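S.K.: Below is the sequence, then the predicted model.
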Amino acid sequence: MVGIVITRSSVDPVTDIDKVPVILATRALWHQLGPSYLAFDSASVRLRAGTTAGEFGRRAQENASGGTDHGAGSVAFVAGPGVRGGLYGRTVDLGALVEGDVPSTLDFRALYASVLQNWLGLKAAPVVGSTAPLTLFRTA
């Protein structure tokens with residue numbers, strides 16, 4: 001099961017791990033794929049990746065409901081042997097929140113452009129316009 005993690009006042013992502021389905025699903029997926037899938041040894045390596053991104057961001061400060069849901073800045077993960085590791089965007093200064101929200105430091109369209117163009121081999125422009133892709137994927 002894959003779902004969206006919503007951090008509300010009634011959910012603790014550390015102790016309520018069963019309520020964090022993205023973490024569980026990702027762990028189960030990579031475990032099932034196994035070491036041979038993760039090896040960087042074939043021309044199809046660029047197809048070996050997984051990505052997840054939220055539809056909205058997280059708040060660093062509690063909101064009116066006592067949770068940290070529905071903020072501005074968010075996080076996305078791209079994982080696999082064909083992915084160039086690293087941090088894309090800038091490290092966020094938690095002392096410089098925007099109305100309690102973590103600010104965005106990267107245009108999400110650049111992530112989408114990368115996935116569409118450099119992973120799936122599709123034209124990104126119809127979806128993201130002229131936004132340039134990131135260099136997320138390596139070649140064999």
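M.R.: Alright, I've got the coordinates.

S.K.: What is the neighbour count of residue 131?
M.R.: Using other Cβ atoms under 10 Å, residue 131 is surrounded by 17 other residues. No exception for glycine: its C-beta is placed from N, CA and C like everyone else's.

S.K.: so it touches residue 108, yeah?
M.R.: No: under the contact definition of Cβ atoms under 8 Å, residue 131 does not touch residue 108, with a separation of 9.1 Å.

S.K.: so where do the strands sit in the protein?
M.R.: Using DSSP state E, the strands of the chain run over 50-53, 76-79.

S.K.: now for these, which one comes closest to residue 116?
M.R.: Residue 116 lies closest to strand 50-53 among the strands of the chain, at 11.0 Å (Cβ to Cβ).

S.K.: Strand partners (parallel or antiparallel) of that closest one?
M.R.: When sheet partners are counted by DSSP bridges, strand 50-53 sits next to strand 76-79 (antiparallel).

S.K.: Send me the strand it pairs with as PDB with only the CA atoms.
M.R.: Extracted as PDB, the C-alpha positions of strand 76-79 are listed here (Å, rounded to 0.1, in the frame of the first residue of the first chain):
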ATOM      1  CA  ALA A  76      10.800  14.600  -3.000                       C
ATOM      2  CA  PHE A  77      12.900  11.500  -3.200                       C
ATOM      3  CA  VAL A  78      14.300   9.900  -6.300                       C
ATOM      4  CA  ALA A  79      16.100   6.600  -5.600                       C
END
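
S.K.: in it, what's buried?
M.R.: Using 16 or more other Cβ atoms under 10 Å as the test for burial, strand 76-79 gives 78-79.
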